[in-house]
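Attaching a predicted model along with its sequence, questions to come.
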Amino acid sequence: MNKPRDVQVYPIAANTTVLRSRTWDRLKFEIEYALQRGTTANSYLIQADKVALIDPPGESFTDIFLTELQGRIDPKEIDYVILGHVNPNRGVTIKALLELAPQLQFVCSNPGAIALRSILELPDLNVTVARGDESLDLGKGHVLEFIPTPNPRWPDSLCSGDRNTGILFTDKFFGVHVCGDQVLDEGWVSLNEDRRYYFDCVMAPHATQVEKALDKLAGFEARLYATGHGQLVRYSLMPLTRSYRQWCEDQRSQDLSVALLYASAYGNTGTVASAIARGITKAGVAVESINCEVTSPEEIRAVVEKADGFIMGSPTLGGHAPTPIQTALGIVLSTATKTKLAGVFGSFGWSGEAIDLIEGKFRDAGFQFGFDTIRVKFKPTDAILKLCEEAGTDFAQALRKVKKSRTARQSSITSQVDRTEQAVGRLIGSLCIVTAQKGEVSGAMLADWIAQATFNPPGLTVAVAKDRAMESLLYQGDKFVVNILEEGKHLPLMKHFLKPFAPGEDRFAGVATDTANNGCPILTDSLSYLECTVENRMECGDHWLVYGVVSNGKLLKSDGLTAVHHRKSGNHY
């Protein structure tokens, strides 16, 4: 949209204002921003007898935020800055704020205090540590209570609540990366898809810790969730809370799990870990994310013993792996059985010795790998994050194959299941290749679960398995093309797109293509094609049902017939 960044100011309760730093562009390369709907960084100002600023935004908004803030209050009148979490990005704004108001007193968790002093290089910084039993009286009835909610990605996570207004300041919890003029969540059903995506990317790998945090937050009778990103939650407060619990339960109830162990010096390795975790969870396998820098050896050992597979990631610092990773590596090598699947990833600036070290140790120990080792130089791009997500999905699928080969079906159930599957298999559909292009990322998949859904506007539905790489390119607003194959000439294209592709591999190498009006690839050897835009999605068991509106199409071979797929069974394509 190329809209300028700005700050939207809105009163939400007595003496309480939200300052929403907004951008309609993608803010940075992290998997939770991949839908590219923009975002808001929400900060809050409580102006009672004492003044508290809650969660100033990161570096992307430093200048416009401080300009707006100074137009409303002299920064020297601010008494406290409450931090839900601390990172170098937010540290840039805090440093600029300190130059305007050196009297500031900071309130954060103990890990947050350690990180803040390190980032600002101010060991004597005025910081009050909130451990959960303190309160801060701002006057005029506003008393802030603090609730530590740590998880592996944000070990310093801290929520705070004001019982006078019923506002719970949730920072990363219950957020969504969507930008717009709407401050509160009226018409919240339209946010469901984006909220679920945010949860899957940010919260799902830490489901155990998220459930513990939800239990803590339940002790505060909130009337409004003041989130760190997106719309504030008032109208869907109870439904969204129930959804978070259900999504956590869905993660814990999976029959397979992966231990994802990592450390992240500058955030890049953590970003890669999140992308891999996203690929695993979308394939129906649970992830237990472990930040080795803040997790005890006993906890690491317990998670590795329980998991069906493990993946380890590390930065390279001075040619070596950080000490927490070396400790975790020793635990994995002494704990994990050789039947468990392994994976390795990492990021680096000039060298990648830590990645080579971990890979070599796992190979020498006899572990099988679920994907080729991932090496990321500097900050990961969109294409790299897509590769990481696909690698995670490959890992999950490999785990399922291992389990299936070890588990015999119960003969008493098989006969009835087989009869049902044979009957379902008689449902036939046209053979198609669905293609998509989103920025520098492209994708394609063979599909025969496609049906016309509407006349006006012309629309169709496509059933997409949750573990397909294409799934992440078929969200609301995304473009795609349905290439319908020709009977008698479909085998070359079918064979090409049925073969397994490595993560990040070009699906269109060696295939004749053109470009549709919507920017997606057209297979010129197909019978016809339809250009579509995703208008809606519905979750259906192990698939997403995607509804697309057709904007354009063309019959390429007027005398051809549509290729169809006759299946012998309804339990696979």
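Nice, I can see it.

Please confirm that residue 99 is located within a strand.
No. The assignment for residue 99, made by DSSP: H, G, I helix; E, B strand; the rest coil, is helix rather than a strand.

Could you report the neighbour count for it?
Using other CB atoms under 10 Å, the number of residues around residue 99 comes to 9. (C-beta placed from N, C-alpha, C; glycine too.)

Distance check, it against residue 308.
Per CB to CB, to the nearest Å, residue 99 is found 51 Å from residue 308.

cool, and residue 155?
Taken as CB to CB, the span from residue 155 to residue 308 is 26 Å.

again, but for residue 78
Counting by CB to CB, the gap from residue 78 to residue 308 is 50 Å.

Contacts only, for the closest residue to residue 562 other than its chain neighbours.
By the measure of CB to CB, 6 or more residues apart in numbering, the closest residue to residue 562 outside its immediate chain neighbours is residue 430, 4.8 Å from it. Residue 430 makes contacts with 448, 450, 484, 485, 562, 563, 564, 565, as judged by CB atoms under 8 Å, 6 or more residues apart in numbering.

same question, residue 340
307, 308, 309, 310, 367.

Can you lay out those as a markdown table showing secondary structure?
Converted to a markdown table, the contacts of residue 340 look like this (three-state DSSP):
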| residue | secondary structure |
| --- | --- |
| 307 | coil |
| 308 | coil |
| 309 | strand |
| 310 | strand |
| 367 | coil |
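
With respect to residue 506, which of the residues you listed is nearest?
residue 309 (27.6 Å; CB to CB).

Wait, the closest one touches residue 399, no?
Yes. Using CB atoms under 8 Å, residue 309 is in contact with residue 399, at 5.3 Å.

shared neighbours of the two, anything?
Counting by CB under 8 Å, 6+ apart, the common neighbours of residue 309 and residue 399 are 256, 258, 341, 370.

before we move on, the earlier item: next one: phi and psi at the residue nearest to residue 562?
phi -70, psi 140 (degrees, to the nearest 10).

Quickly list what it is bridged to.
Counting by DSSP bridges, residue 430 is bridged to residue 564.

From residue 542, how far out is it?
22 Å.

mind checking pLDDT for the residue nearest to residue 562?
The model reports residue 430 with a pLDDT of 89.

if I look at it, how far off is residue 128?
65 Å.

Please apply the same query to residue 497.
Going from residue 497 to residue 128 by CB to CB gives 59 Å.

Comparing those two, which residue is more hemmed in?
More crowded of residue 497 and residue 128, by other CB under 10 Å: residue 497, with 21 against 14.

Check which residues of the helix or strand where the more buried one lies are buried.
If you go by DSSP states H and E, residue 497 is part of helix 491-498. Of all the residues in helix 491-498, those buried under the rule 16 or more other CB atoms under 10 Å are 493, 496, 497.

and what of stretch 493-513?
493, 496, 497, 501, 503, 504, 507, 508, 511, 513.

Provide a list of residues in contact with the residue nearest the centre of the chain.
Centroid-nearest residue in the chain: residue 201, 1.7 Å away (criterion: CA atoms, centre = their mean). Counting by CB under 8 Å, 6+ apart, residue 201 touches 31, 32, 34, 274, 278.

Give me the subset of those residues that lies in helices.
Using DSSP state H, the subset of these located in helices is 274, 278.

Need the max-distance pair from the contacts of residue 201.
34 and 274 (10.3 Å).

follow-up on the earlier one: how about CSV for the shared contacts of residue 309 and residue 399, with neighbour count and distance to residue 555 added?
Shown next, in CSV, are the shared contacts of residue 309 and residue 399 (neighbours: other CB atoms under 10 Å; distance: CB to CB, whole Å):
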residue, neighbour count, distance to residue 555
256, 17, 45
258, 30, 46
341, 22, 46
370, 24, 43
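
out of the buried residues of stretch 493-513, who's nearest residue 351?
residue 504 (22.0 Å).

what about the closest residue to residue 38 other than its chain neighbours, distance to residue 161?
Distances taken as CB to CB, 6+ apart put residue 179 closest to residue 38, at 2.9 Å, once the chain neighbours are dropped. Separation of residue 179 from residue 161 (CB to CB): 26 Å.

Next: residue 361.
Applying CB to CB to residue 361 and residue 161 gives a distance of 46 Å.

Compare the two (neighbour count), which wins?
Set side by side, residue 361 and residue 161 show more neighbours around residue 161, with 23 against 17, by other CB under 10 Å.

My reading is that that one lies in a helix. Confirm?
No. Secondary structure of residue 161 (three-state DSSP): strand, not part of a helix.

ok, it - contacts?
By CB under 8 Å, 6+ apart, the residues touching residue 161 are 144, 145, 147, 167, 168, 169, 220, 222.

Kindly report the same for residue 485.
The contact partners of residue 485, by CB under 8 Å, 6+ apart, come to 430, 431, 432, 433, 493, 494, 526, 527, 562, 563.

what about 6 Å?
By CB atoms under 6 Å, 6 or more residues apart in numbering, the contact set of residue 485 is 431, 493, 526, 563.

Over to residue 41?
21, 57, 61.

repeat that with 8 Å
If a contact means CB under 8 Å, 6+ apart, then residue 41 has 20, 21, 55, 57, 58, 60, 61, 228, 229 as its contacts.

Could you do residue 17 as well?
By CB under 8 Å, 6+ apart, the neighbours of residue 17 are 9, 10, 11, 44, 45, 47, 72.

What subset of these is buried?
By neighbour count, with 16+ other CB under 10 Å, those hold 44, 45, 47 as buried.

Now the phi/psi pair for the spatially closest residue to the last one that is not a sequence neighbour, please.
If you skip the residues right next to it in sequence, residue 47 has residue 15 as its closest partner in space, 5.2 Å away by CB to CB, 6+ apart. In terms of degrees, to the nearest 10, the main-chain angles of residue 15 are phi 60, psi 10.

isn't residue 15 right next to residue 139, touching?
No. Residue 15 is not in contact with residue 139 according to CB under 8 Å; the separation is 9.3 Å.

For these two, list the residues in contact with both.
With CB under 8 Å, 6+ apart as the test, residue 15 and residue 139 both reach residue 48.

Those two: who's more crowded?
Shown here are residue 15 and residue 139; by other CB under 10 Å, residue 15 has more neighbours (19 against 12).

For the lengthiest helix in the chain, which residues meet the burial criterion?
Identified as the longest helix of the chain according to DSSP H is helix 382-406. Within helix 382-406, the residues that count as buried by 16+ other CB under 10 Å are 382, 384-400, 402.

for stretch 171-184, same thing?
171, 172, 173, 174, 175, 176, 177, 178, 179, 182, 183, 184.

Next, the distance between the ends of that stretch.
Terminal residues of stretch 171-184 are spaced 15 Å apart (CA to CA, to the nearest Å).

dump the residue contacts of residue 504.
Counting by CB under 8 Å, 6+ apart, residue 504 has contacts 383, 384, 386, 387, 390.
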